[in-house]
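Novice: how does the following fold in three dimensions:
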Amino acid sequence: MMTLDRRDIRIYLAVHRYGSIRAASDQLGLAPSVVSRQIADLEAQLGVTLFERSSKGVRLTDAGNLVLEHARHVVEEAGFLQEQLADLRGIQQRNIRIHCGEGFLADFIRNGLAGFVSHSPHVRYELLIGSTDTVVAALANGESDIGIAYNPPVTGSVRSIVSASHPLCVVMPPGHALAGLPQVRLADCLAFPLALLPRGHGTTDLLARVASDSGLALAPQLMTTSIDALRRFVTAGLGLAFLPRASVAMDLAEGAAVVRELADLALLGATAHLMVRARRRLPASVAQLAGHLERSMASFADVAQRATPRS
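Specialist: Alright, predicted model coming up:
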């Protein structure tokens, strides 16, 4: 029976992640010819083509995707075994990787991580901030253990542990003309200057979908990757921004802005998700942190409902 060894897996995952032989070789510190030969040998042993080659790089074939899933499973099971063996040897050091949408950062640190650190001083954390697409991709690629994101796409590569309703809101300066309306819809907001996050963020992708379905066009005056910049755009009186209520509640001083839920049905149904990679057997340390975040983060507490697997 043919099995992938550690070197096979390391090279294979790098080629997939970086999208070309040369980029993977640069990251691995190997000659491109070595990486190319390793992939070719692997394809010969398996009797299938794993990557489609083009001038733009490489892309997985259907067979390549099957091998990718196996490789990720091997890596994750090795980590699971390593943690169990460490327990038997009395070694408590653990490392957990978290990818988080910026809008959940304050809640994660204040309500989630703060309560866990005191009870688990042996755990070390790697926290990265990114868009919804980045969070989902990091989980799917095995680059993160836990992900927290807003309105992620349905995909078989991740599993939601818990989700909570977080309708999308428009954030406006005090005294803004829209504040007096009985209800505010996306169409009402488009007459004013807007600040948006780029595509790939759950809020913007959701807004773009609703706008497209309604025959509307989003034309932001400010495009930024920073939620703090969105808040400052509003508090400076420059225009409107769109954020889940949880993203503004913890970081805006009382009276600094007016927050109104948007009345469009698709925007009212938006959700926040605490996620892990699908079909992964979680190490105890990851499962414990995920359970703690589910119970302690304001984004999921009380209003949360246990989610079915996203597939």
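Novice: can you give me the strands in the stretch 51-200 of the chain?
Specialist: Here the stretch 51-200 of the chain has its strands, by DSSP state E, counting those that start in this stretch, at 51-54, 57-60, 94-100, 123-129, 146-150, 158-165, 168-172, 194-196.
Novice: now render the ones you listed as JSON lines, adding distance to L4.
Specialist: Heads up, the C-betas are built off the backbone N, CA and C, glycines and all. As requested, the strands of the stretch 51-200 of the chain are exported to JSON lines (distance: least, CB to CB, whole Å):
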{"stretch": "strand 51-54", "distance to L4": "15"}
{"stretch": "strand 57-60", "distance to L4": "15"}
{"stretch": "strand 94-100", "distance to L4": "23"}
{"stretch": "strand 123-129", "distance to L4": "26"}
{"stretch": "strand 146-150", "distance to L4": "26"}
{"stretch": "strand 158-165", "distance to L4": "23"}
{"stretch": "strand 168-172", "distance to L4": "43"}
{"stretch": "strand 194-196", "distance to L4": "43"}
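Novice: need the ones you listed in a markdown table (columns: mean neighbour count and mean pLDDT).
Specialist: Converted to a markdown table, the strands of the stretch 51-200 of the chain look like this (neighbours: other CB atoms under 10 Å; pLDDT from 0 to 100):
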| stretch | mean neighbour count | mean pLDDT |
| --- | --- | --- |
| strand 51-54 | 14 | 89 |
| strand 57-60 | 16 | 88 |
| strand 94-100 | 20 | 90 |
| strand 123-129 | 15 | 91 |
| strand 146-150 | 28 | 96 |
| strand 158-165 | 20 | 93 |
| strand 168-172 | 24 | 94 |
| strand 194-196 | 22 | 97 |
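Novice: out of those strands, nearest to S299?
Specialist: Of all the strands of the stretch 51-200 of the chain, strand 158-165 sits nearest to S299, with 6.1 Å by CB to CB.
Novice: what strands flank that closest one, and is each parallel or antiparallel?
Specialist: Partner strands for strand 158-165, per DSSP bridges, with pairing direction: strand 271-277 (antiparallel), strand 304-306 (antiparallel).
Novice: same question for the last one, mean pLDDT?
Specialist: Strand 304-306 comes out with an average pLDDT of 44.
Novice: the longest one too?
Specialist: Along strand 271-277, the predicted confidence averages to a pLDDT of 94.
Novice: kindly report the same for stretch 72-86.
Specialist: Stretch 72-86 comes out at a mean pLDDT of 74.
Novice: which residues does that stretch contact?
Specialist: Contact with stretch 72-86 is made by 4, 9, 13, 92-94, 141-142, 277, 279-285, as judged by CB atoms under 8 Å, 6 or more residues apart in numbering.
Novice: how about stretch 130-141?
Specialist: With CB under 8 Å, 6+ apart as the test, stretch 130-141 has contacts from 13, 16-17, 72, 97, 99-101, 128, 143-144, 147-153, 155, 157-158, 197-198, 200-202, 205, 225, 275-277.
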